[in-house]
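> Structure, please.
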Amino acid sequence: MQIGWREFIKGRFRTSSKFHSLGIELGVKDFHVSTLQKIKGKVKWVKQDSFSIENWQVVLKSYVEKNKLTNTQCNIALSISKYQLLQVDKPAVEDIEMLQALQWTIKEQLSSDEQFTIDYFDPPTVVANAEKLNVVAIVTKDILEIRDGILKAGLALNIIGIGELATCNLLTPSDDAIITLNQEEGGQLSLNIVKRNQLFFSRRLRGYENLASFSQEELKMGVVDNLSLEIQRSMDYFESQLRQAPVKKVYVSLDTAHQDALAEMIKQVIFIPVEEFIPNVAKNTNMQITPSSFASLGAAIDNTSLTTL
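Numbering: from 1, shown residues only. Alright, predicted model coming up:
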């Protein structure tokens with residue numbers, strides 16, 4: 001992937017840490033920290049914590065000191081509320097001019113007049129016989145705040161990535177296409193189609209922010225049909241426009257106490273397995289996998305599919 005903000009991440013700590021890596025997801029209300037450690041030659045997930053986003057830099061610095069994490073390689077995954085992900089036609093310019101060209105291409109699509117830093121990555125396949133690029137746009141002051149907070153905490157900042165790509169790291173590599181349907185607490189749904197740990201398709205589904213408030217009976221009254229329709233449309237696009245084999249399974253991690261029932265109802269509509277999303281990761285026996293840990297855990301896994309800064 002080409003890097004648009006490499007100049008932000010030049011300083012790296014060189015002294016060693018006993019930990020393999022640290023993944024941090026920065027969300028709207030909270031931030032989540034996942035820690036990996038190499039034990040007897042095998043990398044394991046050994047620690048997970050969550051904190052309020054308020055004064056996150058101060059809290060993180062204290063956490064790093066308390067847990068002796070200084071100089072640990074740190075990878076960031078931004079929650080979907082922190083950036084815009086756009087797909088555009090690839091400008092007909094040289095690579096050295098690509099970022100400048102993209103700035104003009106996406107200018108009218110950005111949601112505010114603030115200064116944005118952009119980066120891009122190539123889709124794994126041609127879209128409808130046209131060359132496309134996936135463009136990530138993040139408010140520049142947010143990038144600077146993240147850089148400063150991580151470095152002041154004493155961590156070795158390695159990656160600033162996005163939630164969609166971080167989640168790809170949690171799946172078992174497969175030639176079969178999988179849909180992941182994820183949701184932060186009170187947030188939009190993120191629907192992604194992943195194959196061989198690569199992000200082939202991504203979209204955000206609005207209108208489900210209050211999913212947690214619905215009873216099982218209320219879910220039956222419109223939510224199931226609407227959500228199933230969005231999934232089916234995404235699968236149809238994946239097959240027809242990207243010319244890919246059909247999706248084989250849907251993994252869900254949703255903000256509802258009725259997830260199992262909702263998964264079964266969706267399955268009855270789209271006729272493929274719909275299961276709880278359980279990441280493929282080696283972990284200590286006492287570690288509990290929860291949806292809030294997904295993005296930070298995916299970021300902690302050192303994988304080139306993440307945005308590398």
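> how about the helices in this protein?
Counting by DSSP state H, the chain has helices at residues 56-66, 98-106, 140-152, 163-168, 216-218, 224-240, 259-270, 294-300.
> Residues in contact with the shortest one: which ones?
Applying CB atoms under 8 Å, 6 or more residues apart in numbering, the set of residues contacting helix 216-218 from outside is 258, 261, 262. Backbone N, C-alpha and C define where each C-beta goes, glycine included.
> circling back: looking at the helices of the chain, which is buried most?
Mean neighbours per residue, mean count of other CB atoms under 10 Å, is largest over the helices of the chain for helix 294-300, with a mean of 30.
> For the stretch 1-150 of the chain, which residues score under the pLDDT cut-off?
1-15 (pLDDT under 70).
> Mind doing that once more with 80?
1-16, 111-112, 126-129 (pLDDT under 80).
> Buried ones in stretch 110-120, by neighbour count?
The neighbour-count check on stretch 110-120 (16 or more other CB atoms under 10 Å) flags 116, 117, 118, 119, 120 as buried.
> That one: how far from the chain's middle?
On the basis of CA atoms, centre = their mean, to the nearest Å, stretch 110-120 sits 18 Å off its chain's mean C-alpha point.
> Which residue lies nearest the spatial centre of the protein?
residue 163 (1.3 Å; CA atoms, centre = their mean).
> re earlier: next step: the buried residues of stretch 110-120 restricted to strands.
Among those, the residues falling in strands (DSSP state E) are 116, 117, 118, 119, 120.
> Just the closest of those to residue 140, please.
Distance to residue 140 across these (CB to CB) is lowest for residue 117, with 4.6 Å.
> The residue nearest to the centre of the chain: what's it in contact with?
If you count contacts by CB under 8 Å, 6+ apart, residue 163 has them with 25, 77, 78, 79, 80, 182, 190, 295, 298.
> how about 7 Å then?
77, 78, 79, 80, 190, 295 (CB atoms under 7 Å, 6 or more residues apart in numbering).
> and the residue lying closest to it once chain neighbours are set aside, what is it in contact with?
Of all residues not flanking residue 163 in the chain, residue 295 sits nearest, at 4.6 Å (CB to CB, 6 or more residues apart in numbering). The contact partners of residue 295, taken as CB under 7 Å, 6+ apart, are 25, 77, 79, 163, 166, 167.
> and the gap between the residue lying closest to the last one once chain neighbours are set aside and residue 117?
Nearest non-adjacent residue to residue 167, counting by CB to CB, 6+ apart: residue 298, 5.2 Å away. In this view, residue 298 and residue 117 are 22 Å apart by CB to CB, to the nearest Å.
> start to end distance for stretch 98-115?
Start-to-end span of stretch 98-115 (CA to CA, to the nearest Å) is 18 Å.
> what about that stretch, distance to the chain center?
From the chain centre to the centre of stretch 98-115 is a distance of 22 Å (CA atoms, centre = their mean).
> now swap in stretch 93-111 and tell me
Once both centres are worked out by CA atoms, centre = their mean, stretch 93-111 turns out to sit 23 Å from its chain's centre.
> Start and end of that stretch, how far apart?
End-to-end for stretch 93-111, by CA to CA: 25 Å.
> Name the surrounding residues that touch that stretch.
Residues contacting stretch 93-111 (CB under 7 Å, 6+ apart): 2, 4, 84, 86, 88, 91, 116, 118, 120, 135, 137.
> at 8 Å what do you get?
Contacting residues not belonging to stretch 93-111 are listed as 2, 4, 84, 86, 88-89, 91, 116, 118-120, 133, 135, 137 [CB under 8 Å, 6+ apart].
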